[in-house]
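Undergrad: Need coordinates for the following:
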Amino acid sequence: MTSLAVLHASQLVTLAGPQQPRVGSDMSDLAIIHDGGMLITDGKIDIVGSSDRIEKNASSAEIIDAGGRVVLPGFVDAHTHLVFAGNRLDDFVRRARGETYEQIAKAGGGIWSTVEKTRAASGDELFAQAQKHTEWFLRCGTTTVEAKSGYGLTVEDELKILRVISRLNEETPLEIVPTFLGAHAVPREMDADEYIELVIDEMLPRIVTEKLAEFCDVFCERGYFDVKKSRRILTAARELGLRLRIHADQLTSSGGEKLAAELEATTADHLEKTDEQGIAAMKSVGVQPVLLPGSVYVLGSTDYPRAREMIEAGLAVVIATDFNPGSSPTASMPMILSLACTQMKMSPPEAITAATINAAYSLNRGDRIGSLERGKLANFSVFDCEDYRELAYWFGTPQTHSVYVKGKRVAGA
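TA: Below you'll find the predicted structure:
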């Protein structure tokens, strides 16, 4: 038995509370313990309380003195595209010159350029690049991410990506939740109906048989997969036992959020164009909105999701990086906290809740991660500040001191 005692956090941000996603005013209750500490046994949290209480129970424990720093649950990033080859620097330059997402895609950039590079890469090459990405996440204080496929668009290339995700889960400290996003785009060599049949008849059964994904996602958008096509794929996935997520209303008001409600998807993601009716539809069945302000920022838009209206409607809002090579090349959840506060008018405690406990529930892991409570995994980050609000305030400035997964230091000093 190994034990670890964390002492003297200026703020131990526990997020202890109801065993469910937080909504309304509960999103602002972070259950902070001043001069707080934790006793950790065999990678799980045993006692949470004042440093005095922890010291009395820590006679044989290794001591970590937080030294008046903030201690938070490890961030849970509920929307990433972790595995891909290359980058999209050319797209970045074209966007800086004023071209739109759609114009860049039509000119051969966008998703398709990453698909070509990813198809050409071996599994080992993809692993090596993605392993570097996992280190970025950990250094930013993130200990769990959701990771999507979707840059292969053939049976073998989608399987290749998901197998890399599985290997990353085994060989890196980052916990990764796999999602199948074969319906990310229609490959150039097929028409949409032909590709959908491939997804339903070949990809999904192989992925379920090999247990390579927990969720299925679809890019429900004009020019990609409309509501009817998205429904076919998601219904087939649900019948095979996968949970559902949907890229919805990013570029147009396409009805994806209403489809998410109809199918009782776990999440609807993006939602830049979602209106009051869409918010009401999601609320009616408890779909969690996953908001991705990083992609709005990178695309040079000001059309951020209606986070305040969603919170006031009682939705359990989540924020995530949307880490990908095209529209959100960032692994920094602190940067996303800043965007959530400054651009979506979320309060700092709401943003912290959305990046931890609510995100954990959106990945079906709210009972294990997302807060610092007895019995949960000791996934936590120590930040070089005295007040958690500084994480969003000092934007773009690294403040991570150290990061722990299951009680073991995996990044930082």
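Undergrad: Tell me how many other residues surround the residue nearest to Ala307 when sequence neighbours are not counted.
TA: Of all residues not flanking Ala307 in the chain, Met344 sits nearest, at 3.8 Å (Cβ to Cβ, 6 or more residues apart in numbering). Bear in mind the C-beta positions are built from the backbone N, C-alpha and C, glycine included. Burial of Met344, expressed as a neighbour count using other Cβ atoms under 10 Å, amounts to 22.
Undergrad: For Met344, list the residues it contacts.
TA: When contacts are counted by Cβ atoms under 8 Å, 6 or more residues apart in numbering, Met344 touches 291, 293, 304-305, 307-308.
Undergrad: And the pLDDT at it?
TA: Reading off the confidence values, Met344 has pLDDT 98.
Undergrad: can you pull out the strands in the stretch 101-250 of the chain?
TA: Defined through DSSP state E, counting those that start in this stretch, the strands belonging to the stretch 101-250 of the chain, from first to last, are 142-148, 175-183, 215-220, 243-248.
Undergrad: Give the buried residues for stretch 199-215.
TA: Buried positions in stretch 199-215, judged by neighbour count with 16 or more other Cβ atoms under 10 Å: 199-200, 203-204, 207-208, 212-215.
Undergrad: follow-up on the earlier one: tell me which two in the contacts of Met344 are the farthest apart.
TA: In terms of Cβ to Cβ, those reach their longest pairwise distance at Pro293 and Arg308, which sit 13.0 Å apart.
Undergrad: just to revisit the earlier point, quick check, nearest of the buried residues of stretch 199-215 to Glu276?
TA: For the buried residues of stretch 199-215, the closest approach to Glu276 (Cβ to Cβ) belongs to Phe215, at 27.1 Å.
Undergrad: circling back: more crowded one of Pro293 and Arg308?
TA: Neighbour tally, Pro293 and Arg308, criterion other Cβ under 10 Å: the higher count belongs to Pro293, 28 against 14.
Undergrad: From Ser338, how far off is that one?
TA: The span separating Pro293 from Ser338 equals 9 Å under the rule Cβ to Cβ, to the nearest Å.
Undergrad: what's the distance between the closest residue in space to Leu126 that isn't next to it in sequence and Phe84?
TA: Nearest-residue entry for Leu126: Val164, 4.8 Å, with adjacent residues in sequence omitted and distances by Cβ to Cβ, 6+ apart. For Val164, the distance to Phe84 equals 10 Å [Cβ to Cβ].
Undergrad: quick one: common contacting residues for those two?
TA: By Cβ under 8 Å, 6+ apart, Val164 and Phe84 have these common neighbours: 126, 130.
Undergrad: does the nearest residue to His401 once chain neighbours are set aside sit in a helix or strand, and which one?
TA: In space, His401 comes closest to Val382 once its chain neighbours are excluded; the distance is 4.4 Å by Cβ to Cβ, 6+ apart. Secondary structure assigned from DSSP states H and E places Val382 in strand 380-383.
Undergrad: show me the contacts for the residue most central in space within the chain.
TA: For the chain, Ala78 is the residue whose C-alpha lies nearest the centre (Cα atoms, centre = their mean; 2.1 Å). By Cβ under 8 Å, 6+ apart, the contact list for Ala78 reads 145-146, 267, 290, 318, 320, 359, 362-363.
Undergrad: Dihedrals phi and psi, it?
TA: phi -90, psi 10 (degrees, to the nearest 10).
Undergrad: Model confidence for it, exactly?
TA: In this prediction, Ala78 carries a pLDDT score of 98.
Undergrad: SS state for Ala260?
TA: Assigned by DSSP: H, G, I helix; E, B strand; the rest coil, the conformation of Ala260 is helix.
Undergrad: how far does stretch 283-300 sit from the chain's center?
TA: What separates the centre of stretch 283-300 from the centre of its chain is 11 Å, taken as Cα atoms, centre = their mean, to the nearest Å.
Undergrad: of all the contacts of Ala78, which comes closest to Leu251?
TA: Ranked by distance to Leu251 (Cβ to Cβ), those are led by Val290 at 16.2 Å.
Undergrad: Surely Arg53 touches Ile47?
TA: Yes. Taking Cβ atoms under 8 Å as the definition, Arg53 is a contact partner of Ile47 at 7.1 Å.
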